[in-house]
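> Okay, structure incoming, though there's no sequence with it:
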């Protein structure tokens, strides 16, 4: 894993010292809120509905045990004993006091973490595949490149005041687990004639105007990565609209100007600036980063304990069937720890849970933890022989829910329970859907299903790419929920289609239940997933179940 | 439908905690909606908001929120203000835990 060097440490310490002084001047009245607001946002500090919220970057979703312990300590000491993991692989604290934030930032710096560029019109935390360096289908670990991008983009003098925020995602696998096509820039590692490079996707994004990204360069050699990114962001910085916040993202720039024009401008800019980049220095830095992300030694282990537990323990078997993913090394598994207990808040972990996961990672998983954009935690390298013991330890802390990839593994943004921008609640809807499928014991029968809920049009809950998406709106002073169907966030990304009129808060869960029941009737057999059934039949039979049944009920 | 008199209160978030506050009868900021000062005259409300907005070393983001007079006193007309006076629905945190 990446270790901060002197440059990182000095930079973070200086920024934290500056922010401490800015907070002091805000509190003593020397700075007005108008003056202070941009300063706090540069450091990830929001003011939400009930309190401040601090958003801490977890670069490309990778944490060490020491870092996760420190996040737990911060939750205990300065918050309400929990943290919320987000769809951008970050963690948010919902209750910090303004005067404690400088101490929190210093505590983060002790373990090489910060909250810089988690807000504002800058390049945000680079997200990646949560299974990086472990997945069997991977070409190469994307994280050395992600770290290179973090170093290039952090405090980049030209890109601190972009037209709008800018999000980059990178994956090293053909199976896209990082939603690269819904980012301002998506990078998909590809190989050509034995050389590794990137397919560069631009102009994807969800929010008010959802767009699937378009390929601007089908093969970018690794050596050209930073100058090409700089050319894209530099072109956007000039061409992107600043007259209308809702038309300022690069997806609109690409849409309005056309991909060809944007590509021509980017390629021209790339040709102009590439010679200014020190390719040797970048290559040397990348080589250093690759050393730091060197794959751990994973010695062969006898998987007999795993096989025995799988045969004899039904609870373990259910968990193994849903929460494990194939590892590139035989005898090892990738473990997803569900932060979606039925009825719980998606993505929340208590301080005690974080401590336990940090300990278990050290004991069983090379001291490494990942955060997924689906708001779960991941132990990337676990010997199958250790899985029974790991599962037993997770169960003691309510962390062994066997539902990864199923109906109750729901993405939900904080919604109006916390967020100042939200137009409706998300969390209670997610809680009730999860409780419903659990009480009916439906979700293992339903199989793979992605339900995603956003509490406003900004779509932090990725509802457009949910197989079932739910969008909470304020309709004439009442919460109202629109449903979209058929969305997909993978390499075959598709924006879901709205079914029709929305549903009231007390009607949305029964509406989702009708869709699920319809699927169970409509599917060819158990092997046909919800998304496959939807693609085969289209929206009509689901709309019939949604709306005609409702009219019968109302009659 | 009976026409109800529109009532405004001045609300904001406290500078240090970010907690929801309302301007009270005594000119201080209160953490309890019941103690908020209601305005039925829009001009008076606007003038008071102007003054309250100057108190930037105490609060952040002053605005006028709509209320109605219910059986238990001031009640928000919009669900957002109702959540602000109560706290989140997933945990007993915020105002609902403070009694």
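Now that the structure is in, tell me what you want to look at. All values reported here derive from a predicted model rather than from experimental measurement.

> Stretch B:82-98: which residues count as buried?
By 16 or more other CB atoms under 10 Å in any protein chain shown, the buried positions in stretch B:82-98 come out as B:83-91, B:93-95. (Glycine included, C-beta is placed from N, CA and C.)

> Now narrow the residues you listed to whatever sits close to chain A.
Residues of those in contact with chain A (CB under 8 Å from any CB of the partner chain): B:83-84, B:87-91, B:93-95.

> Need the residues that contact stretch A:517-536.
A:442, A:445-449, A:467-468, A:485-486, A:488, A:537, A:541-542, A:544-546 (CB atoms under 8 Å, 6 or more residues apart in numbering or on different chains).

> low pLDDT regions in the chain?
No chain was given, so I picked chain A. Confidence mapping of chain A against pLDDT under 70 gives the ranges A:549-555.

> could you do chain B instead?
Those would be B:1-5, B:99, if you go by pLDDT under 70 across chain B.

> close to chain A, is the longest helix belonging to chain B?
The helix that spans the most residues within chain B, counting by DSSP state H, is helix B:42-53. No: Helix B:42-53 does not reach chain A (CB under 8 Å from any CB); its nearest approach is 9.7 Å.

> Next, the buried residues of that helix.
B:45, B:48-49, B:52.

> Check those and tell me the two furthest apart.
Across those, the longest distance by CB to CB is 10.2 Å; it joins B:45 and B:52.

> Give me the common contacts of the two.
residue B:10.

> how about the strands in the stretch 251-400 of chain A?
Listed in chain order, the strands of the stretch 251-400 of chain A (DSSP state E, counting those that start in this stretch) span A:324-326, A:332-337, A:348-350, A:368-371, A:377-383.

> For chain B, what lies in contact range of chain A?
B:13, B:15-20, B:56-57, B:60-61, B:77-80, B:83-84, B:87-91, B:93-95.

> Could you point out the helix or strand that follows the longest strand along chain B?
Secondary structure of chain B per DSSP state E: the longest strand is strand B:59-70. Going down the chain from strand B:59-70, the next helix or strand is strand B:73-76, by DSSP states H and E.

> residues of that next one that come out buried?
B:74, B:76.

> Quick check: can you name the pairing partners of that strand and their directions?
strand B:59-70 (antiparallel) (DSSP bridges).

> buried residues in the strand it pairs with?
So, applying 16+ other CB under 10 Å, buried residues of strand B:59-70: B:59-60, B:62, B:64-65, B:67.

> Pull up the gap between the most centrally placed residue in chain A and residue A:144, please.
Centroid check for chain A by CA atoms, centre = their mean gives residue A:373 as the closest residue, at 2.3 Å. For residue A:373, the distance to residue A:144 (CB to CB, to the nearest Å) stands at 20 Å.

> Remind me which helix or strand residue A:53 belongs to.
Per DSSP H and E: strand A:52-56 holds residue A:53.

> right, and the helix or strand after that strand?
strand A:62-64.

> and that next one, how far from the chain's centre?
A distance of 14 Å separates the centroid of the chain from that of strand A:62-64, by CA atoms, centre = their mean, to the nearest Å.

> and it, which strands flank it?
Going by DSSP bridges, the partners of strand A:62-64 are strand A:368-371 (antiparallel).

> The stretch 1-150 of chain A: helices as residue ranges?
A:6-27, A:33-42, A:65-78, A:101-110, A:143-153 (DSSP state H, counting those that start in this stretch).

> Now render those helices as JSON lines, adding mean neighbour count.
Output for the helices of the stretch 1-150 of chain A, formatted as JSON lines (neighbours: other CB atoms under 10 Å in any protein chain shown):
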{"stretch": "helix A:6-27", "mean neighbour count": "16"}
{"stretch": "helix A:33-42", "mean neighbour count": "17"}
{"stretch": "helix A:65-78", "mean neighbour count": "20"}
{"stretch": "helix A:101-110", "mean neighbour count": "19"}
{"stretch": "helix A:143-153", "mean neighbour count": "23"}
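
> I'd like those as TSV, with distance to residue A:384 appended.
TSV is the format used below for the helices of the stretch 1-150 of chain A (distance: least, CB to CB, whole Å):
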stretch	distance to residue A:384
helix A:6-27	36
helix A:33-42	45
helix A:65-78	21
helix A:101-110	34
helix A:143-153	24
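
> nearest to chain B, of these?
Counting by CB to the nearest CB, chain B lies closest to helix A:33-42 out of these; the figure is 5.0 Å.

> Can that closest one be said to contact chain B?
Yes: for helix A:33-42 and chain B, the contact criterion (CB under 8 Å from any CB) is met by residue A:33.

> and that helix, what other elements does it pack with?
For helix A:33-42, the packing partners by 3 or more CB pairs under 8 Å, 6 or more residues apart in numbering or on different chains; DSSP states H and E come out as helix A:6-27.

> so how far is the helix it packs on from its chain's centroid?
27 Å.

> ok, now stretch A:229-247?
That offset, for stretch A:229-247, works out to 23 Å (CA atoms, centre = their mean).

> again with stretch A:457-473
Using CA atoms, centre = their mean, the offset of stretch A:457-473 from its chain centre is 14 Å.

> Between its first and last residues, how far does it reach?
8 Å (CA to CA, to the nearest Å).

> still on that earlier bit, just the ones of the contacts of stretch A:517-536 in strands?
Using DSSP E, the contacts of stretch A:517-536 in strands are A:468, A:485.

> got a list of what residue A:199 touches?
Contacts of residue A:199 (CB under 8 Å, 6+ apart): A:187-190, A:215, A:217-220.

> And for it, nearest residue in space, chain neighbours not counted?
Among residues not flanking residue A:199 along the chain, residue A:188 sits closest, at 4.4 Å (CB to CB, 6 or more residues apart in numbering or on different chains).

> which residues touch the one you found?
Per CB under 8 Å, 6+ apart, neighbours of residue A:188: A:170-171, A:174, A:176, A:180, A:198-199, A:201, A:491.

> now residue A:456
Contacts of residue A:456 by CB under 8 Å, 6+ apart are A:413, A:415, A:419, A:421-424, A:471-473.

> swap in residue A:75?
Per CB under 8 Å, 6+ apart, neighbours of residue A:75: A:81-83, A:93, A:350-351, A:354.

> filter the residues you listed to the buried ones?
Looks like those have A:82-83, A:93, A:350-351, A:354 buried, using 16+ other CB under 10 Å.

> Turn those into CSV, columns for distance to chain B.
Shown next, in CSV, are the buried ones among the contacts of residue A:75 (distance: CB to the nearest CB, whole Å):
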residue, distance to chain B
A:82, 8
A:83, 13
A:93, 12
A:350, 11
A:351, 14
A:354, 17
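
> Distance to residue A:10 for those - can I get that in TSV?
Shown next, in TSV, are these (distance: CB to CB, whole Å):
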residue	distance to residue A:10
A:82	32
A:83	27
A:93	25
A:350	34
A:351	30
A:354	28
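
> from these, which single one is nearest residue A:247?
Using CB to CB, the buried ones among the contacts of residue A:75 come closest to residue A:247 at residue A:93, 32.4 Å.

> That closest one is in contact with residue A:85, isn't it?
No: between residue A:93 and residue A:85 there is no contact under CB atoms under 8 Å: 11.3 Å.

> one step back: check which helices and strands the longest helix of chain B sits against.
strand B:7-14, strand B:59-70.

> what's the spacing between the last one and its chain's center?
Going by CA atoms, centre = their mean, the spacing between the C-alpha centre of strand B:59-70 and its chain's C-alpha centre is 4 Å.

> Repeat that for stretch A:398-413.
The answer for stretch A:398-413 is 15 Å, by CA atoms, centre = their mean.

> go on, stretch A:222-229?
24 Å.

> In the stretch 351-500 of chain A, which residue sits closest to chain B?
residue A:417 (3.8 Å).
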